[in-house]
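S.K.: Coordinates only, no sequence provided:
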């Protein structure tokens, strides 16, 4: 197939700061433009999961819908060759705007990075049916999508390694005899902070043995009082997430954590946390749920822990001996470079979009 060098690609996204938008769309846009394509990004306004102050979520939702109808008018005028819909337009059961979008779009691609069918099976089926092609963040999602639409390509969630430079001090990792506590870190949405509960017993035990701190980064202002790890003798620090300080804040971690229950929702996630840790040279310990077991090769690129005893055992090793942490850093970074980086996946994304346009 002859390469198409001047596609007009429109992206409908959840919002500039929403992780799925940042990592699955916005990180690729400048690279697609460099390849000669013209890109138009139309984000949710306000962001899909946010509301405007004083208005509340319901009135904010009406404003979001009004903006989306305006976006359809923009698309009618701009005449893109292809439209990429990130997840869905609204986090509810409605599909009317997506159906209207289909009527004015030459080619529609749906990008999914979560088990949306768990929240609303009917809507997921409708969106898959409306789409000319589906891009799935992992093979588990692809299997579900193929049951409705056979035209599916797997492109994992990626990180831009130009931003994630591996730490120069990896060879001089802090040890437990340092004057500073070792930092066990977690980052994510406020709704998922409760996943840390599984670490209460391990961290309580380890806090008696080591000078350590649990550091939590999330976008919400709400404190961690509902977990109250301090009562168990676990020094805990909350840091509000910001785009400007994200990388610097992550770089304060000595060990990255991704505990997660095995549920119908979590097993379809794309493992972004551990990819960020691995890209920065931060040894990661995660629950072996869904794609985590593909990203992490136990003992080689990180560690997988299921039970409290396993979490305690592996974290104790990492806290007590820097050689355990240093042993995985290079291999982990290499996996990200080869499979989960923008550079690695850009050719596949570009080829996928060109093929969909050419099929028209």
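M.R.: Cool, the structure landed. Predicted model, so just to flag it, every value in this text is computed and none were measured.
S.K.: Identify all contacting residues around the longest helix anywhere in the chain.
M.R.: Using DSSP state H, we find that the single longest helix of the chain is helix 56-78. If you take Cβ atoms under 8 Å, 6 or more residues apart in numbering as the criterion, helix 56-78 is touched by 8, 10, 12, 40, 42, 44-46, 48, 50-52, 55, 83, 89-90, 92, 97, 100-101, 104-105. C-beta here means a position set from N, CA and C on the backbone, and glycine is covered the same way.
S.K.: can we see that at 10 Å?
M.R.: Applying Cβ atoms under 10 Å, 6 or more residues apart in numbering, the contact partners of helix 56-78 are 8, 10, 12, 15, 38, 40, 42-55, 80, 83, 89-92, 94, 96-98, 100-101, 103-105.
S.K.: Just the buried subset of those residues, please.
M.R.: Among those, those classed as buried by neighbour count (16 or more other Cβ atoms under 10 Å) are 8, 10, 12, 15, 40, 42-48, 50-51, 80, 83, 89-91, 97-98, 101, 105.
S.K.: Which ones among these map onto strands?
M.R.: Per DSSP state E, strands hold the following members of those: 8, 10, 12, 40, 42, 43, 83.
S.K.: Please, where are all the helices along the stretch 151-300 of the chain?
M.R.: Here the stretch 151-300 of the chain has its helices, by DSSP state H, counting those that start in this stretch, at 200-209, 246-250, 272-279, 292-295.
S.K.: Columns mean pLDDT, mean neighbour count and distance to residue 70 on top of these, output as a markdown table?
M.R.: Output for the helices of the stretch 151-300 of the chain, formatted as a markdown table (pLDDT from 0 to 100; neighbours: other Cβ atoms under 10 Å; distance: least, Cβ to Cβ, whole Å):
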| stretch | mean pLDDT | mean neighbour count | distance to residue 70 |
| --- | --- | --- | --- |
| helix 200-209 | 97 | 18 | 48 |
| helix 246-250 | 97 | 15 | 31 |
| helix 272-279 | 97 | 26 | 31 |
| helix 292-295 | 96 | 19 | 39 |
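S.K.: Could I get those helices in CSV, plus columns for distance to residue 139?
M.R.: Shown next, in CSV, are the helices of the stretch 151-300 of the chain (distance: least, Cβ to Cβ, whole Å):
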stretch, distance to residue 139
helix 200-209, 31
helix 246-250, 27
helix 272-279, 16
helix 292-295, 8
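S.K.: give me every residue that touches the residue nearest in space to the middle of the chain.
M.R.: By Cα atoms, centre = their mean, the chain has its centre lying nearest to residue 272, at 4.0 Å. Residues near residue 272 by Cβ under 10 Å, 6+ apart: 19-20, 22-24, 113, 137, 156-159, 187-188, 258, 291, 295, 340.
S.K.: Looking at the helices of the stretch 151-300 of the chain, which is nearest to residue 217?
M.R.: Evaluated over these, closeness to residue 217 peaks at helix 246-250, with 5.5 Å, by Cβ to Cβ.
S.K.: Now do that closest one: everything it contacts.
M.R.: Defining contact as Cβ under 10 Å, 6+ apart, one finds that helix 246-250 is touched by 22, 163-165, 185, 187, 215, 217, 239-242, 256, 273, 276-277, 279-280, 282.
S.K.: looking at it, residue 10 is touching residue 32, isn't it?
M.R.: No: between residue 10 and residue 32 there is no contact under Cβ atoms under 10 Å: 11.7 Å.
S.K.: Give me the common contacts of the two.
M.R.: Joint contacts of residue 10 and residue 32 (Cβ under 10 Å, 6+ apart) are 38, 39.
S.K.: where along the stretch 1-150 of the chain do the helices fall?
M.R.: Here the stretch 1-150 of the chain has its helices, by DSSP H, counting those that start in this stretch, at 19-21, 27-34, 56-78, 96-104, 116-119, 121-130, 139-146.
S.K.: With mean pLDDT added, can I get those helices in a markdown table?
M.R.: Converted to a markdown table, the helices of the stretch 1-150 of the chain look like this (pLDDT from 0 to 100):
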| stretch | mean pLDDT |
| --- | --- |
| helix 19-21 | 96 |
| helix 27-34 | 98 |
| helix 56-78 | 94 |
| helix 96-104 | 98 |
| helix 116-119 | 96 |
| helix 121-130 | 98 |
| helix 139-146 | 98 |
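S.K.: Could you dump those helices into TSV and include distance to residue 265?
M.R.: Below are those laid out as TSV (distance: least, Cβ to Cβ, whole Å):
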stretch	distance to residue 265
helix 19-21	15
helix 27-34	24
helix 56-78	21
helix 96-104	22
helix 116-119	5
helix 121-130	13
helix 139-146	12
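S.K.: any idea which element residue 350 lies in?
M.R.: Per DSSP states H and E: residue 350 is located in helix 342-359.
S.K.: Give the buried residues for that helix.
M.R.: Using 16+ other Cβ under 10 Å as the test for burial, helix 342-359 gives 342, 344, 345, 346, 349, 350, 352, 353, 354, 356, 357.
S.K.: Distance to residue 249 and pLDDT for the residues you listed - can I get that in JSON lines?
M.R.: As requested, these are exported to JSON lines (distance: Cβ to Cβ, whole Å; pLDDT from 0 to 100):
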{"residue": "342", "distance to residue 249": "21", "pLDDT": "98"}
{"residue": "344", "distance to residue 249": "25", "pLDDT": "98"}
{"residue": "345", "distance to residue 249": "25", "pLDDT": "98"}
{"residue": "346", "distance to residue 249": "27", "pLDDT": "98"}
{"residue": "349", "distance to residue 249": "28", "pLDDT": "98"}
{"residue": "350", "distance to residue 249": "32", "pLDDT": "98"}
{"residue": "352", "distance to residue 249": "33", "pLDDT": "98"}
{"residue": "353", "distance to residue 249": "34", "pLDDT": "98"}
{"residue": "354", "distance to residue 249": "38", "pLDDT": "97"}
{"residue": "356", "distance to residue 249": "38", "pLDDT": "98"}
{"residue": "357", "distance to residue 249": "40", "pLDDT": "97"}
